[in-house]
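*Asks:* This is a predicted model, with the sequence first.
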Amino acid sequence: MNFYQVAEIELIYKRGCKASERPQINKAEQAYRLLLDQWDKNKLEFVEQAKMLLLNKANRVLGITNLSTGGIAGTIVDPKLVFVTALKANASAIILAHNHPSGNLNPSAQDQRMTRQMMEAGKLLDIQVIEHLIITDEGFYSFAEEMAYRKVDRHGAIYYEAMQPF
């Protein structure tokens, strides 16, 4: 065993189906329905989980991945894991989602902070964070439709513009 050899991720692209056969996401509600269908309903109101929808340039779904499972009041989403997964899948855009077991659709301060951090990281890698959904069995909250999050520097002043809704 060579202790000085750097560990690496092997990059292999295995296509599952043609791009034209993949669902295309054009609205937050489409993403919500697709994600809700893939969510374990036994955990939706039990523990907080985070998932990610990976999209190509045409907003066609490349896959859905589980990011984390936490407790009843939160979960941790590691930006490194988010973007290594997106890079390995050759995603051009991602949609983040997590559930609130309480059923409350209002974003917490941590939800807002995480969304801003992910958007900033995505810009560096040219992977657009186009949405962050809070999901319950009865509905969803769309950051792109409800909040302002795109950071813009205008003459030395920092502003947050809205994510671009589909």
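*Replies:* Now that the structure is in, tell me what you want to look at.
*Asks:* if I look at residue 88, how far off is residue 134?
*Replies:* 26 Å (CB to CB, to the nearest Å). For the C-beta atoms, the positions are set from N, CA and C on the backbone; glycine is no exception.
*Asks:* which residues touch the residue nearest to the spatial centre of the chain?
*Replies:* The chain has residue 96 as the residue nearest its centroid, 1.8 Å off, counting by CA atoms, centre = their mean. When contacts are counted by CB atoms under 8 Å, 6 or more residues apart in numbering, residue 96 touches 50, 51, 52, 67, 77, 82, 115, 118, 129, 131, 132, 133.
*Asks:* looking at this, it is in a strand?
*Replies:* Yes. Assignment of residue 96 by DSSP: H, G, I helix; E, B strand; the rest coil places it within a strand.
*Asks:* now it: how far from residue 4?
*Replies:* Between residue 96 and residue 4 the computed distance is 37 Å (CB to CB).
*Asks:* go on, residue 65?
*Replies:* In terms of CB to CB, residue 65 sits 32 Å off from residue 4.
*Asks:* ok, now residue 94?
*Replies:* 34 Å.
*Asks:* Compare those two and say which is more crowded by neighbours.
*Replies:* A direct count of neighbours by other CB atoms under 10 Å for residue 94 and residue 4 places residue 94 higher, at 25 against 4.
*Asks:* what residues are up against the more buried one?
*Replies:* Going by CB under 8 Å, 6+ apart, residue 94 touches 52, 53, 54, 55, 82, 86, 122, 127, 128, 129, 130.
*Asks:* re the thing from before, and the residue nearest to the centre of the chain, bridged to which residues?
*Replies:* Beta-bridge pairing of residue 96, defined through DSSP bridges, involves residue 52, residue 132.
*Asks:* what pLDDT does it get?
*Replies:* With respect to pLDDT, residue 96 scores 97.
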